[in-house]
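**Q** can't give you the sequence, but here's the structure:
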């Protein structure tokens, strides 16, 4: 299995051992091509913990391969592991006693000469095969739940990918003029944003306190002040709304490659081609809703087979999803005309003859509509129902990122500025992702009323496009910032950017199931299993097997055991007992000639995969029979004289006819007893 495990780590993925019977022997793994920087061993005290850890690791997508040792083999548990391996696209193997797992023959289907799948899954093979055990005290084992990767040829013929029909999502932000002003929506004083239209001032948006008293968008300012005498007004800042829509459009590019703006407050996103990438339509919409809720923006959505219908549904608050063009006619009949894209004077003219809803409009003859109200009405209906193509101009991404936020009152507390800074950093992260770039330096400019701007240049040690990382860097800087005056505006500019250099993810990983960070996975496993449950290994330059492996538990590192009396018994200088002298005695002959190459070069190919915590006498080994054993690959180790823990031994690989393979040594000092120190896989 080691060659398969090494191959599964080619894509910068990890190899995990879960509840192995002995500590993995790092030199043997390194000789087999295993990158120890991406290898870990999880020590679990119970079978339930081992199953949980294995499922979490497989489902995360971090693991390229995983090996699990079980004392009890449960079919339901193995099925869960197989499904987790399907999600994470991992090679997995479970080892358990043969008596607890009775594999049955499974009908197999040959998809090609090089790929074989079973009837359990179309792109993973679950195999159950008996194998001999070479582990200490373990019966012959059963290997189950093997996961083959990238078996494109074995997919059933009926699972053909269909070309997705267009599905448009319209996102309308009716309170954008209020939402772009920090704190305006939640303040207790009624506030309305107005704009001059001809000789009158029209309400564009109102906060919650004003809406409670009847103030609505589209009202004349005088009428709104009549309803709410305490109403405060502010002039519309179109530049802030435009910057917010640009940021939202950049964010939407993370969900679709086709994003367009319509008017001042509507965003069109084509999600029909990308919904399968996110798992399904429901997951995609949930992800969009979570992002919008986190930004604190009021939004009304519409979903339909045409962009015009999606805008109409969003404006009217139509809560259904209409995927088929044939169903659009039925769903628009009850919607009033002023929610659509018809000119206002045309809607007024139609209302004059009693036509106020689309149902009544659709019942009128087309030629009469065109003759009395112009060709714009039939064209609008054809576009709405998908009978006429609609011209949609996709959004263009700016070559550089620079945005500015303003607010009416000066802010003197630097930590309060983290809220507007976060909004700008989120927009910057969206721009970086859309442009496939990362930044190494950014600039923050804090504007004051009667003082020059306070400018901060922040450099990053490594280029990044992660918004949480950028926010953490800015937060740490704001904690130490002292402003000379209150700040009335904030400008963010990415001064240095470069092409994004990030590892590519698997094309077939679905959204929501993308691989998480390996360190996050290990931290999560360590938090659940304990501080010493996650073992990492390094190779030390020492010939003695017990000293050539260093292990880490979290942040603690040790290269040699130094604690318990049992550890000192086998890994320290003998002090006089006959048992210790039998293991480690000072050599009397010449030391072994040193290799010119690194110590791992010529001998690690014969090293075992597992090393016992302490050598065990051969006579105490279960089911051992010298008459059925064969010795091979002799090797002499004489080392350790410099630290008073010298050892002189002759090592052999011992093969028994029942399949067991052990790593044994014979002490060269009297009484020349034989001991088992390692187990081959």
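**A** Arrived safely, thanks for sending. These figures come from a predicted structure and were not determined experimentally.

**Q** so how many other residues sit close to the nearest residue to residue 454 once chain neighbours are set aside?
**A** Nearest non-adjacent residue to residue 454, counting by Cβ to Cβ, 6 or more residues apart in numbering: residue 446, 4.2 Å away. No exception for glycine: its C-beta is placed from N, CA and C like everyone else's. Neighbour count for residue 446, taken as other Cβ atoms under 10 Å: 24.

**Q** So what's the gap between the host helix or strand of residue 446 and the chain middle?
**A** When elements are assigned from DSSP states H and E, residue 446 belongs to strand 437-448. For strand 437-448, the distance from its own C-alpha centre to the chain's C-alpha centre is 27 Å (Cα atoms, centre = their mean, to the nearest Å).

**Q** ok, and what's touching that strand?
**A** For strand 437-448, the surrounding residues in contact (Cβ atoms under 8 Å, 6 or more residues apart in numbering) are 406, 410, 417, 421, 428, 432, 453-460, 462-465, 470, 474, 483-502.

**Q** Check stretch 377-396 too.
**A** Under Cβ under 8 Å, 6+ apart, the answer for stretch 377-396 is 249, 253, 258-261, 268, 305-309, 312, 325, 328-329, 332, 340-342, 346, 350, 361-362, 366, 369-370.

**Q** let's go with 6 Å and repeat that
**A** Contacts to stretch 377-396, defined as Cβ atoms under 6 Å, 6 or more residues apart in numbering, come from residues 249, 258-260, 306-309, 325, 328, 342, 366, 369-370.

**Q** swap in stretch 228-243?
**A** The contact list for stretch 228-243, computed with Cβ under 6 Å, 6+ apart, reads 176-177, 180, 189-195, 204, 210, 213, 215, 224-225, 403.

**Q** Buried ones only from those residues, please, as a PyMOL command.
**A** To isolate the buried ones among those in PyMOL, judged by 16 or more other Cβ atoms under 10 Å, type:
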select buried, resi 176+177+180+190+191+192+193+194+204+210+215+224+225+403
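
**Q** Just the ones of the contacts of stretch 228-243 in helices?
**A** In helices, judged by DSSP state H, the following of the contacts of stretch 228-243 are found: 176-177, 210, 224-225.

**Q** rewinding a little: going by neighbour count, list what's buried in the strand holding residue 446.
**A** Neighbour counts over strand 437-448 (16+ other Cβ under 10 Å) mark 437-440, 442, 444-448 as buried.

**Q** mean confidence score for it?
**A** Mean per-residue pLDDT for strand 437-448: 91.

**Q** That one: what's the following helix or strand?
**A** As assigned by DSSP H and E, the chain's next helix or strand after strand 437-448 is strand 454-464.

**Q** Can you check what angle separates that following strand from strand 437-448?
**A** Interaxial angle, strand 454-464 versus strand 437-448 (axes from the mean of the first three to the mean of the last three Cα atoms, to 10 degrees): 170 degrees.

**Q** what packs against strand 454-464?
**A** Secondary-structure packing of strand 454-464 (3 or more Cβ pairs under 6 Å, 6 or more residues apart in numbering; DSSP states H and E): strand 437-448.

**Q** can you do 10 Å?
**A** If you count contacts as 3 or more Cβ pairs under 10 Å, 6 or more residues apart in numbering; DSSP states H and E, strand 454-464 packs onto helix 418-435, strand 437-448, helix 467-478, strand 487-499.

**Q** What residues sit buried inside the last one?
**A** Pointing back at strand 487-499 there. For strand 487-499, burial by neighbour count (16+ other Cβ under 10 Å) applies to 487, 489-494, 497.

**Q** cool, and the longest one?
**A** The neighbour-count check on helix 418-435 (16+ other Cβ under 10 Å) flags 418, 420-435 as buried.

**Q** what's the answer for stretch 74-93, then?
**A** Neighbour-count burial for stretch 74-93 flags 77-78, 80-93 (criterion: 16+ other Cβ under 10 Å).

**Q** Between which two of those residues is the distance greatest?
**A** Distances among the buried residues of stretch 74-93 were taken as Cβ to Cβ; the most separated pair is 77 and 89, at 20.0 Å.

**Q** quick check: domain ranges of this structure?
**A** Structural domains annotated on the chain: 2-158+513-536, 168-385, 402-499, 604-679, as defined by automatic domain parsing.

**Q** Which of the contacts of stretch 228-243 fall in strands?
**A** 191-195, 204, 403 (DSSP state E).

**Q** and which of the residues you listed is nearest residue 652?
**A** Using Cβ to Cβ, the ones in strands among the contacts of stretch 228-243 come closest to residue 652 at residue 403, 71.0 Å.

**Q** Could I get the contacting residues of the closest one?
**A** Applying Cβ atoms under 10 Å, 6 or more residues apart in numbering, we find residue 403 in contact with 239-240, 243-244, 246-247, 423-425, 427-428, 431, 490-494.

**Q** average pLDDT across the helix or strand hosting residue 85?
**A** Assigned by DSSP H and E, residue 85 falls within helix 75-88. Per-residue pLDDT over helix 75-88 has a mean of 84.

**Q** just stretch 366-384 next, same as before
**A** 91.

**Q** again with stretch 16-23
**A** Stretch 16-23 comes out at a mean pLDDT of 88.

**Q** Tell me which residues of stretch 29-43 come out buried.
**A** Along stretch 29-43, these residues count as buried under the neighbour rule (16+ other Cβ under 10 Å): 29-32, 34, 36, 38-43.

**Q** what about the residue lying closest to residue 675 once chain neighbours are set aside, which helix or strand?
**A** Once flanking residues are discounted, residue 675 sits nearest to residue 615: 3.9 Å by Cβ to Cβ, 6+ apart. Using DSSP H and E, residue 615 maps to strand 610-617.

**Q** The stretch 551-681 of the chain: helices as residue ranges?
**A** 565-571, 578-583 (DSSP state H, counting those that start in this stretch).

**Q** just the stretch 301-450 of the chain next, same as before
**A** Using DSSP H, counting those that start in this stretch, helices in the stretch 301-450 of the chain cover 307-316, 328-332, 344-352, 358-362, 366-373, 376-385, 418-435.

**Q** tell me the most buried of these?
**A** Among the helices of the stretch 301-450 of the chain, the stretch with the highest mean neighbour count (mean count of other Cβ atoms under 10 Å) is helix 307-316, at a mean of 24.

**Q** what angle do it and helix 376-385 make?
**A** 90 degrees.

**Q** Offset the numbering so it begins at 43, please.
**A** Sounds good: first residue 43 from here, last item helix 349-358.

**Q** Give me the residue ranges of the stretch 543-692 of the chain where confidence is low.
**A** Across the stretch 543-692 of the chain, the ranges flagged by pLDDT under 70 are 544-559, 561-562, 565-566, 568-570, 572-573, 594-647, 668-670, 683, 686-687.

**Q** The same query, at a cut-off of 50, please.
**A** Applying pLDDT under 50 to the stretch 543-692 of the chain picks out residues 551-557, 596-647.

**Q** Likewise for the stretch 193-342 of the chain?
**A** In the predicted model of the stretch 193-342 of the chain, residues 193-206 satisfy pLDDT under 50.

**Q** Just checking: what are the partner strands of the strand holding residue 657?
**A** strand 65-66 (antiparallel), strand 716-721 (antiparallel) (DSSP bridges).

**Q** residues of that strand that come out buried?
**A** For strand 652-659, the neighbour count (16+ other Cβ under 10 Å) marks 652-654, 657 as buried.

**Q** from the chain's centre, how far out does that strand sit?
**A** Counting by Cα atoms, centre = their mean, strand 652-659 is centred 39 Å from the centre of its parent chain.

**Q** ok so, going back, what packs against the helix holding residue 127?
**A** Helix 117-130 packs on helix 89-102, strand 105-111, strand 133-139, strand 183-186, going by 3+ Cβ pairs under 10 Å, 6+ apart.

**Q** if we go to 8 Å?
**A** Packed against helix 117-130, as judged by 3 or more Cβ pairs under 8 Å, 6 or more residues apart in numbering; DSSP states H and E, are the following elements: helix 89-102, strand 105-111, strand 133-139.

**Q** Throw those into CSV and include distance to residue 576, thanks.
**A** Shown next, in CSV, are the helices and strands packed on helix 117-130 (distance: least, Cβ to Cβ, whole Å):
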stretch, distance to residue 576
helix 89-102, 9
strand 105-111, 13
strand 133-139, 18
